[in-house]
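*Asks:* sequence plus predicted model, see below.
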Amino acid sequence: MALSKRAYEGELLVDHRASPGLTNEQAHKLGYTLDNTGVPNAVAEGKVFEAPTMGCNHCGTVVIINPSRTRDRAYCPSCDHYICDNCELERKLPDYKHATHRQKIENYISANTRIII
Amino acid sequence: MAKRVFNHPGQTWAPTATGAAATNWMSVTGGSTTMIIDWLEVLISGTAAAAAILATGVRYASTLAATPTALAAPATDGFLNASGSALSAPAVVGFAATTGPFPSAAATLSALNLGLNAFGGIVRWNASPFQQWTQVGSAVAGSGVAGQSVLWNNSGPGGQSTTAAAHIIYEAY
């Protein structure tokens, strides 16, 4: 069964409804604000910030999806998943060998499992 | 293979930098070299009496906690389903040790930023299926694997010493 890419989304909730929240500068330092895109500070006093997150299928990094992104989102046709920008750069290298995060884990487990005969 | 929740109902989170020993933290460590642990949810709720930045984040450990102290009150760690069965080599959770774990500063390793204002702020991150924060083994981060993950207050983006409660829902295999 083919699932929508959105079926793999996680969720980040930052609730400052009962808090002074974060200033623009603080939010920017913590990686929340998108000042240069004109999106208002969503983690300020009285605000609730809710955003989908995505786990990169190549390295496992969790990425907050920027709703204002206009560039293409990095996508790997080999595993049919979105990936992070760092892995997209790696994917374009000439000596790149495709491996998902799960495959890397399985390789590690195989290398560390003793077989007793 | 059962979900567990590691909870600390309130501690002071002194900020420390990446690549240095954490002073206040919550960590989950693999119980064997082949254990896989998925983090399914992280929740931090500020309990401070005045505005303070809590720059909590999750990183793999570049140095494991030295001589960790066995989990003790007020923290708890138990099955989400009370009828769950313990693994023979269970995951190790903790928030105290002789020397705290070093949250990795490596640019090539995953990082999860979960900052908030601890004066009434709440942060909750949920992973969807197949998109969990995954750690493998019981050793330090390297070669694409990592055996210990740390939730701590990062001084880098301006974390301040303040109080909060937190829980981590995880599942070990």
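*Replies:* All right, it came through fine.
*Asks:* got a list of contacts for stretch A:82-93?
*Replies:* A:5, A:8, A:54, A:56-59, A:61, A:63, A:73-76, A:96, A:98, B:108 (CB atoms under 8 Å, 6 or more residues apart in numbering or on different chains). Where C-beta positions appear, they are placed from N, C-alpha and C, glycine not excepted.
*Asks:* now the strands for chain A?
*Replies:* Using DSSP state E, the strands of chain A run over residues A:10-15, A:48-55, A:62-64, A:75-76, A:81-82.
*Asks:* residue numbers of chain A in contact with chain B?
*Replies:* By CB under 8 Å from any CB of the partner chain, the residues of chain A that approach chain B are A:7-16, A:18-22, A:26, A:29-32, A:43, A:53-55, A:59-62, A:86, A:101, A:104-105, A:108-109, A:112-113.
*Asks:* drop anything exposed from those residues.
*Replies:* Buried by 16 or more other CB atoms under 10 Å in any protein chain shown: A:8-10, A:12, A:14-16, A:19-22, A:26, A:29-30, A:32, A:43, A:53-55, A:59-62, A:86, A:101, A:104-105, A:108-109, out of those.
*Asks:* let's see which of these end up in helices.
*Replies:* Among those, the ones falling in helices (DSSP state H) are A:26, A:29, A:86, A:101, A:104-105, A:108-109.
*Asks:* okay, the residues you listed in JSON lines with pLDDT and distance to residue B:132 next?
*Replies:* Below are these laid out as JSON lines (pLDDT from 0 to 100; distance: CB to CB, whole Å):
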{"residue": "A:26", "pLDDT": "87", "distance to residue B:132": "28"}
{"residue": "A:29", "pLDDT": "86", "distance to residue B:132": "27"}
{"residue": "A:86", "pLDDT": "89", "distance to residue B:132": "19"}
{"residue": "A:101", "pLDDT": "86", "distance to residue B:132": "10"}
{"residue": "A:104", "pLDDT": "84", "distance to residue B:132": "15"}
{"residue": "A:105", "pLDDT": "82", "distance to residue B:132": "11"}
{"residue": "A:108", "pLDDT": "80", "distance to residue B:132": "16"}
{"residue": "A:109", "pLDDT": "78", "distance to residue B:132": "16"}
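*Asks:* and of the residues you listed, the nearest to residue B:57?
*Replies:* Nearest to residue B:57, judged by CB to CB, of those is residue A:29 at 11.8 Å.
*Asks:* you'd agree that closest one is up against residue B:155?
*Replies:* No. Counting by CB atoms under 8 Å, residue A:29 stays clear of residue B:155, with 11.2 Å between them.
*Asks:* tell me, what's touching the two both at once?
*Replies:* Common contacts of residue A:29 and residue B:155 (CB under 8 Å, 6+ apart): residue B:55.
*Asks:* from residue A:3, how far out is residue B:150?
*Replies:* Using CB to CB, to the nearest Å, residue B:150 is found at 32 Å from residue A:3.
*Asks:* check contacts around the nearest residue to residue B:34 once chain neighbours are set aside.
*Replies:* With sequence-adjacent residues excluded and distances taken as CB to CB, 6 or more residues apart in numbering or on different chains, residue B:34 is closest to residue A:109, at 5.0 Å. Contacts of residue A:109 were listed using CB under 8 Å, 6+ apart, and they are B:34, B:36, B:136.
*Asks:* tell me the most packed of those residues, by neighbour count.
*Replies:* When neighbours are taken as other CB atoms under 10 Å in any protein chain shown, the top entry among the contacts of residue A:109 is residue B:136 (27 neighbours).
*Asks:* residues in contact with that residue?
*Replies:* The contact partners of residue B:136, by CB under 8 Å, 6+ apart, come to A:105, A:108-109, B:30, B:34-37, B:145-147.
*Asks:* how about a cut-off of 7 Å?
*Replies:* Applying CB atoms under 7 Å, 6 or more residues apart in numbering or on different chains, we find residue B:136 in contact with A:105, A:108, B:30, B:36, B:145-147.
*Asks:* please apply the same query to residue B:31.
*Replies:* B:87, B:89-92, B:138, B:172.
*Asks:* distance check, it against residue B:91.
*Replies:* Using CB to CB, we find residue B:31 at a distance of 5 Å from residue B:91.
*Asks:* now list whatever residues contact both of these two.
*Replies:* Residues touching both residue B:31 and residue B:91 (CB under 7 Å, 6+ apart) are residue B:172.
*Asks:* coming back round to it: would you turn the contacts of residue B:31 into CSV with secondary structure and neighbour count?
*Replies:* Shown next, in CSV, are these (DSSP: H, G, I helix; E, B strand; the rest coil; neighbours: other CB atoms under 10 Å in any protein chain shown):
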residue, secondary structure, neighbour count
B:87, coil, 14
B:89, coil, 14
B:90, coil, 14
B:91, coil, 23
B:92, strand, 21
B:138, coil, 21
B:172, strand, 22
